[in-house]
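*Asks:* The following block contains a protein sequence and its predicted model.
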Amino acid sequence: MDFKLNEEQQMLQETAARLVRGEYDFEKRERFRQSDAGFSEAFWQQLSELGLTTVPFDEAHGGFGGGAVELQLIMTELGRGLCLEPYLQSIVFGGGLINQAGNDEQKNDLLPQIAAGTLKVAPALLEPQSRYNLHDVVTKAESDGDGYRLSGRKAVVIGGHCADKLIVSARTSGEQRSHDGISLFVIDGNASGLQRITYETIDGLKGCDLILDSVSVPASALLGPVGQAHAAIDYQAGRAIAAICAEAVGAMEESVNLTLEYLKARKQFGVPIGKFQVLQHRMVDMASELEQARSMAVLAASVADAEPGNRRDSILAAAKNVIGRAGQYISEQSVQLHGGIGMTWEYSGAHYAKRLVMINHQLGDDDHHLEAFVALMKTS
Amino acid sequence: MNINFNEAELAFRDEVRSFLSSELPQDIAAKVKGGKHLSKEDHQRWQQILSRKGWYATHWPVEYGGVEWSAVQKHIFDEETAAFGAPRTIPFGVNMVAPVIIKFGTEEQKQHYLPRILSGEDWWCQGYSEPGAGSDLASLKTRAVRQGDHYIVNGQKTWTTLGQHANWIFCLVRTDTQAKPQSGISFLLIDMQTPGITVRPIITLDGEHEVNEVFFEDVKVPVENLVGEENKGWTYAKYLLTYERTGLAGIGASKAALDRLKEIAGKEVKNGKPLLQDPAFASRVAQVEIDLMAAEITNLRIIAAVEGGGVPGAESSMLKVKGTEIRQTITDLMRRAIGPYAQPFPEAEMELDYEGEYLSSDYAAPLAPHYFNMRKLSIFGGSNEIQKNIVAKMILEL
Ligand SMILES: Cc1cc2nc3c(=O)[nH]c(=O)nc-3n(C[C@H](O)[C@H](O)[C@H](O)COP(=O)(O)OP(=O)(O)OC[C@H]3O[C@@H](n4cnc5c(N)ncnc54)[C@H](O)[C@@H]3O)c2cc1C
């Protein structure tokens, strides 16, 4: 066993870390957040210039040919900076769907642009009734001449507000929650009949709900085999889970560090509050949760690119479960240990706290993944 | 022993219920139940209704306009008002400064301030905490120096809840810098209109303006605004803190919140079925309901034990910790209940007069902000760590 990074990976990590350190302090993040796009186009360009947006794609598509470990390194740094750019949505999840399900024409057309950062995509898979179940789809895609006509609503599409193209799941056959019968479509952001209801999220990101009112698309918009998109959706959701686990670890590390520094600096009763044993133990618990989270992020990255199947699925479910719980614990304790300061908008720590809780609401919370784990568990 | 309400208590509950059904304004109740923003006017309108009925100052002696209720009656009142969606009482005037004035103030102070609290003419805020003095309140630095018949006050208070609405602030100030920290503190009543006072908003992580910083620069305060004796303020502050903590268990509010949680989880859908029928989620809800059941009886036992003997002491610390943990768990579950829709933050939907379409449902928008806001419960009123220190020392004698 060897947990060490190779030289190339170390360089990648340093590149990402240096960029985030240089470009993403808390004041800048507040400015990016308040801009129309809700993130920094300039930072996005830097990600692209440094080749970080190309990481998971094949060389044939202008990529770097990296895998889940490389993504993990980048996502952790982005998490550390609470970065607002749609890397997870466009590069990891959206790009992954196209890479797995797309035909050569689609891949040759879209992937180089995504890898270069000039085209942003966002997966639009959830619906108002579906909670975290990616197979709970009622949006309909009906054959219409050579193409399809889509109607329905997609929910909480993070990064959807700025996406040039949306990757929408819709039902071409089958019952509401059946995994068979789901198809994927690549739809232009300005397609007629497509409406975006955009909003900020509580943790500073932006997203939208999509209303599809008889949106007509050509046959070439279909991504992958008709009615069999669940395989790509499930597999790519798994890669996205590994990536968001890594992001969470970066945010947790910052949150734990800020709290630790505060315990040393803040004095009450004439001593640093870190001298109080109850706070020491709490801090130890936070640090242990972080270690557990780190381990699961490593484990998740190690299976994210593996063959689909029981082992991969249960490890990813376990990882997201641990991350969800650890994130909430660290979030709540960081606020508590800071006292009033931890509750303020002006303090960066509060924004880490919010992001960590909200990561539990993306790609399934700890309950959802516990249930998934139980379903996969060998009980006999 | 009989742990059920007796005839008289049941009759009292009916009376409270019929009062609430006819007098609690529907628009205000709708805001409270929906977690929407309450205005200063909403609070004042409800306070005046209670005041007219004689049910506002429930902790005061009758001679000053209070009521003579037993602990059980107070409990019933808290529970029913919360269940009907009445706004929580803003405690700073009626439940904090008033008991101190009643116990330690001069006759003139009682005559002047108490009626104005009852009528709602004055809105009080609490000026205890400072940037350097939170849990260690006795280390406070705001100075009051006697000059003729005035004190000159300089310094800064912080975390002042709803200070933006207040016209009066009660402050702990340092009048003796030589003495031991606790012995050099005085309790001053300060008119917020006095020149030299600046109130600056602090925005909390949920985007709300609920707390403030209050700056004092050469603020002249008449000596008759001193409560009790100079340098005895710590004694009065401690007296007040036990009052503050009694209400912080918030059993009534938690019961109302639990009902709301069940209502929401009954409407939310998971795999085509109500979320409340999902075994895992239902277990989480059941667990907090069970804890609340126990806390309610603990609350009643503790209040009953001190019945007639004033306010509970260190026991109230235990209640505060349990009560706030339960409330925080309920808000955690409400946020969890709405799944991915906990992320969007459509602030406009938090106003009652919102007329647009709701993104997902009419209840979702405030739930995640509310969860984050409620983290304050374990920080203020003496943090839960401080409460446990008190229990360890005073009750367990460790
Ligand atoms: C929303 C909100 C509203 C408030 N409203 C008011 C108000 O209206 N008026 C007012 O005067 N104040 C108000 N407060 C202030 C509140 O009382 C203080 O925040 C509280 O006393 C804690 O102080 P602090 O924030 O300075 O934290 P600190 O005292 O710095 O505490 C930081 C951490 O250290 C822990 N700690 C400190 N000492 C010990 C110890 N001896 N042993 C173990 N752990 C310890 C604390 O529990 C906490 O976890 C409000 C606070 C909030 C958040």
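*Replies:* Happy to help now that I have it.

*Asks:* For chain B, which segments are assigned as strands?
*Replies:* B:124-127, B:143-147, B:150-157, B:168-174, B:185-191, B:197-203, B:209-222, B:226-227, B:269-270, B:273-274 (DSSP state E).

*Asks:* Quick one: list the elements packing against the fourth one.
*Replies:* Contacts of strand B:168-174 with other secondary structure elements, assessed using 3 or more Cβ pairs under 8 Å, 6 or more residues apart in numbering or on different chains; DSSP states H and E, are made with strand B:124-127, strand B:143-147, strand B:150-157, strand B:185-191, helix B:233-246. (Glycine included, C-beta is placed from N, CA and C.)

*Asks:* And for the last one?
*Replies:* For strand B:273-274, the contact count by 3+ Cβ pairs under 8 Å, 6+ apart identifies helix B:251-267 as packing neighbours.

*Asks:* hmm, the helix it packs on in reach of chain A?
*Replies:* No - using Cβ under 8 Å from any Cβ of the partner chain, helix B:251-267 stays clear of chain A, coming no nearer than 11.5 Å.

*Asks:* Mind listing what's buried along that helix?
*Replies:* B:251-258, B:260-262, B:264-265 (16 or more other Cβ atoms under 10 Å in any protein chain shown).

*Asks:* B:Q147: which of these is nearest?
*Replies:* Checking these against B:Q147 with Cβ to Cβ, the nearest one is B:A253 at 44.9 Å.

*Asks:* Okay, the closest one and A:A191: tell me how far apart.
*Replies:* Distance, B:A253 to A:A191, by Cβ to Cβ, to the nearest Å: 48 Å.

*Asks:* and if you look at B:D353?
*Replies:* Distance of B:D353 to A:A191, given as Cβ to Cβ: 35 Å.

*Asks:* who has more neighbours, these two?
*Replies:* Under the criterion of other Cβ atoms under 10 Å in any protein chain shown, the comparison of B:D353 against A:A191 puts A:A191 first, with 17 against 7.

*Asks:* Please, which helix or strand holds the more buried one?
*Replies:* Under the criterion of DSSP states H and E, A:A191 resides outside all helices and strands.

*Asks:* any idea how far it lies from A:E105?
*Replies:* Here the criterion is Cβ to Cβ. By it, A:A191 lies 19 Å from A:E105.

*Asks:* CSV for the helices and strands packed on strand B:168-174, including mean neighbour count?
*Replies:* As requested, the helices and strands packed on strand B:168-174 are arranged in CSV below (neighbours: other Cβ atoms under 10 Å in any protein chain shown):
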stretch, mean neighbour count
strand B:124-127, 27
strand B:143-147, 16
strand B:150-157, 20
strand B:185-191, 24
helix B:233-246, 20
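
*Asks:* Compare those and report which one is nearest to A:D180.
*Replies:* Checking the helices and strands packed on strand B:168-174 against A:D180 by Cβ to Cβ gives helix B:233-246 as the closest, at 58.6 Å.

*Asks:* The residue lying closest to A:Y87 once chain neighbours are set aside: how many residues sit nearby?
*Replies:* Once flanking residues are discounted, A:Y87 sits nearest to A:L78: 5.9 Å by Cβ to Cβ, 6 or more residues apart in numbering or on different chains. With neighbours defined by other Cβ under 10 Å, the count for A:L78 comes to 25.

*Asks:* The one helix or strand A:L78 maps to packs against which elements?
*Replies:* Element membership for A:L78, per DSSP H and E: helix A:68-80. Applying 3+ Cβ pairs under 8 Å, 6+ apart, one finds that helix A:68-80 contacts helix A:7-23, helix A:230-265, helix A:277-304.
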